[in-house]
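Asks: build me a structure from this.
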Amino acid sequence: MRPSTLLFTTLLGFGACTPPGDTAGVDTQDPDTSGTDSGDTGTASPAWSAPARVALPFAVVGDPAPSATLTLAGDASTGGLELAVSGPFELLGELGPLDGGERLLTVRYTGDMASPALAVGGVTLTIDGDVLAVDLAAVVGAAGLGSATWASDAYGDHALVELPSAPNAAGTTPWSDDRVLLALPPGLTDRDGVDVVTHLHGHNAELSRTVAAQRLVEGLAYSGRDAVLLVPQGPVNAASGDFGQLAAPGGHQRLVRDALAVLYRDGYIGWPVAGAQVLSSHSGGYIATAKIVSDGGLPISAVHLYDSLYGYVSTYEAYASSGGRLRSLYTSGGGTDANNLAMAADLRASGLDVGASLTDDALAAEPLLVGFSAAAHGACLSDERTYARWLMWSGLPFRPGATPEVRAVVHSGATALVSWLPDGQAGALVRVEGSDDGQSWSTLAETAASFAEVALTRWVRIRLVDGAVVSGPSDVYGAATGAGPRWLVVDGFDRVFGGSYTAPSHDFAARVGGALGRPFDAASNEAVVAGEVVLSDYDAVLWLLGDESSADLTFDADERALIAAYVGAGGKIAVSGSEVGYATPSAWLQSALGATYVADDAGTTSLSDGFTFGVAYPEDYPDVLSGQRTLWTYGTGGAAAVVSGDARVVVGFPLETLAPGDLGPALAELVAAVGG
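Replies: Next up, the predicted model:
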């Protein structure tokens, strides 16, 4: 037996191992679903192959050093094997002449088993000039890692776990709650390691209550990002920002180490190497967040401050000046406005571009943003899906469950121009898919651009593509040609929290547009506000709000101005939504659309006209309205849709929820009411 040549590199404290039960220690996830390249060779060899990754079985402090088997396979004669190992590993086995078949070698961890670690390394095998590279990883879990009772729901898997690295675990604070929330979105992969989002809560918080109120788990799931969420319990129901040992030097590195060890131990990840790190902070979490940025032990790729810049302004300025991605918002009642405005001024004075808008377009384009949120201090993460949207544009890669944002489908003859908001992930492509029936889909284009001209189909959607990883589908838009007035269907339905419809995408614009019986295009409300699609180019507009309410805004100020100008210039418009009266400023609703809000709940899903709604998704609070003329009446009485003049219709329930057999006839009556 010839001893191996060991080329050790510095132990960084990060690495990986395989799920329990994988005795070979080889990461063998299906690349079609996880995005890993497991099972492929490292550097291609014409005669010999080896796994791309070998991760050792899980071990804890005090256990014997873990080991795993590395299998070489080949069919050519060769003079022998040369190897070099990096990291705290050694390779043992018979390393004499190779003459085909399989050769089994043992990979063993050589680090200190008295200390917890996530360790990485590798082995380079040279066989007659052919080079194979194999990544190596090992986990030594800390003593005192808590057991986890995992729960699953539509937003993924999550558990509260006691960790020795938790803020309150070492007696460094007055509190004894050492729980940390670990949340994994559906479809999580570990293709390049595990990206982590760590959120630090504000004052007077308790983990279960605060996470639910701020929609943190849901926000991660809806962001579509391929990351794990960690939320440590800090001060318990106290007006304090003391995060104990988490704020100590290296505290964040230890927390991530322990969290990934639990995830690996419990079989949720197969390659627990720490990837990109994103920090988010609400209110009083700013102190510990600043200390993590300065000396947490891991590089931070993005920092999100939600009404949280009460101090440490120079720390955050230094982070932004060094190239970090920084977003910070302030509210009217949070008291962080002065610091935020001062920081923005300082950064601009130093020559940096700092955006002030918090729209998706700005988040996608600007690494530095400081802006005002109209939400209340306690709701600035959940309102308008802010936490989800900021994570979407945090630089993290998308996962298979992501839903990209299609912006518009505008037709011209037999072709259509499809546009979307770029995801921003380097190397990712966008696949445009079309369908004539909404069931069978084909690829129309695949491009790295933000638009594509394709053959006209009634149904259009997009997906993100990054190698073997393909995202879920976007909202479904569409277009149709033909004779008659041209309609624009505006998809203004973005609500996914607290409403009746919670899926990450929908086909409402395409389905309702196709039932109009008129030529139509489709666009998001964001595309209209951005000027990508212009209302005055259309004879009539149908604006769908679904059940958007006050937290997600039926119409913001920009949208109200655009609609008022369009109607004032003679444009015809119909608007539908179950909260269009309840959540829209009453004076504008009357002046621009000619409708008045009467009551929040008609108490029925039937119209006296014979139509039924609440079918595509439940509708429990349809608005009762009044106006110049009633188009439809609820079965319980009261106007379900009102007409003003011959150009404006407001419907107090979502049109897309009409029973399939009722949608066409109802839209025919609506089209006639607006003269379109």
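Asks: residue 320 touches residue 368, doesn't it?
Replies: Yes - Residue 320 is within contact range of residue 368, at 5.6 Å (criterion: C-beta atoms under 8 Å). For glycine as for every other residue, the C-beta is placed from the backbone atoms N, C-alpha and C.
Asks: which residues are in contact with each of these two?
Replies: 326, 347, 352 (C-beta atoms under 8 Å, 6 or more residues apart in numbering).
Asks: turn the residues you listed into CSV, including secondary structure, neighbour count and distance to residue 384.
Replies: Formatted as CSV, the shared contacts of residue 320 and residue 368 follow (DSSP: H, G, I helix; E, B strand; the rest coil; neighbours: other C-beta atoms under 10 Å; distance: C-beta to C-beta, whole Å):
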residue, secondary structure, neighbour count, distance to residue 384
326, strand, 23, 20
347, helix, 19, 24
352, coil, 16, 26
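Asks: related to what we said a few turns ago, between residue 320 and residue 368, who's got more neighbours?
Replies: residue 320 (24 against 19; other C-beta atoms under 10 Å).
Asks: which strand or helix spans the residue nearest to residue 586 when sequence neighbours are not counted?
Replies: Closest residue to residue 586 apart from its sequence neighbours, by C-beta to C-beta, 6 or more residues apart in numbering: residue 597 at 6.0 Å. Residue 597 is part of strand 595-599, with elements assigned from DSSP states H and E.
Asks: give me the helices and strands touching that strand, please.
Replies: The elements that strand 595-599 packs onto, with contact taken as 3 or more C-beta pairs under 8 Å, 6 or more residues apart in numbering; DSSP states H and E, are helix 586-593, strand 624-627, strand 639-644.
Asks: and after the shortest one, which helix or strand comes next?
Replies: Next along the chain after strand 624-627, taking DSSP H and E as the criterion, comes strand 629-633.
Asks: what's around residue 194, how many residues?
Replies: By the criterion of other C-beta under 10 Å, residue 194 has 28 neighbours.
Asks: what distance do you get for residue 651 to residue 623?
Replies: Distance, residue 651 to residue 623, using C-beta to C-beta, to the nearest Å: 9 Å.
Asks: these two - which one has more neighbours?
Replies: Under the neighbour definition other C-beta under 10 Å, residue 651 and residue 623 were set side by side, and residue 651 has more, 29 against 26.
Asks: for that one, give me its contacts.
Replies: 574, 575, 576, 577, 580, 631, 632, 640, 641, 670.
Asks: and what of residue 662?
Replies: 610, 611, 612, 613.
Asks: ranges for the helices of the chain?
Replies: With DSSP state H, the ranges of helices along the chain come out as 31-34, 207-213, 216-223, 251-265, 286-295, 313-321, 337-349, 360-365, 386-392, 508-514, 525-529, 557-568, 586-593, 660-673.
Asks: turn those into CSV, including mean pLDDT.
Replies: Shown next, in CSV, are these (pLDDT from 0 to 100):
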stretch, mean pLDDT
helix 31-34, 33
helix 207-213, 96
helix 216-223, 97
helix 251-265, 98
helix 286-295, 98
helix 313-321, 98
helix 337-349, 98
helix 360-365, 94
helix 386-392, 97
helix 508-514, 97
helix 525-529, 97
helix 557-568, 97
helix 586-593, 97
helix 660-673, 97
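Asks: residue 601: which of those helices is closest?
Replies: Nearest to residue 601 among the helices of the chain is helix 586-593; the distance by C-beta to C-beta comes to 17.4 Å.
Asks: for residue 498, phi and psi?
Replies: Dihedral angles of residue 498 (phi, psi; degrees, to the nearest 10) stand at phi 80, psi 0.
Asks: neighbours of it, how many?
Replies: 13.
Asks: thinking again about what came up before, turn the helices and strands packed on strand 595-599 into TSV, including distance to residue 206 and mean neighbour count.
Replies: Shown next, in TSV, are the helices and strands packed on strand 595-599 (distance: least, C-beta to C-beta, whole Å; neighbours: other C-beta atoms under 10 Å):
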stretch	distance to residue 206	mean neighbour count
helix 586-593	38	17
strand 624-627	39	21
strand 639-644	43	24
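Asks: closest to residue 674 out of the ones you listed?
Replies: The nearest among the helices and strands packed on strand 595-599, by C-beta to C-beta, is strand 639-644 at 7.7 Å.
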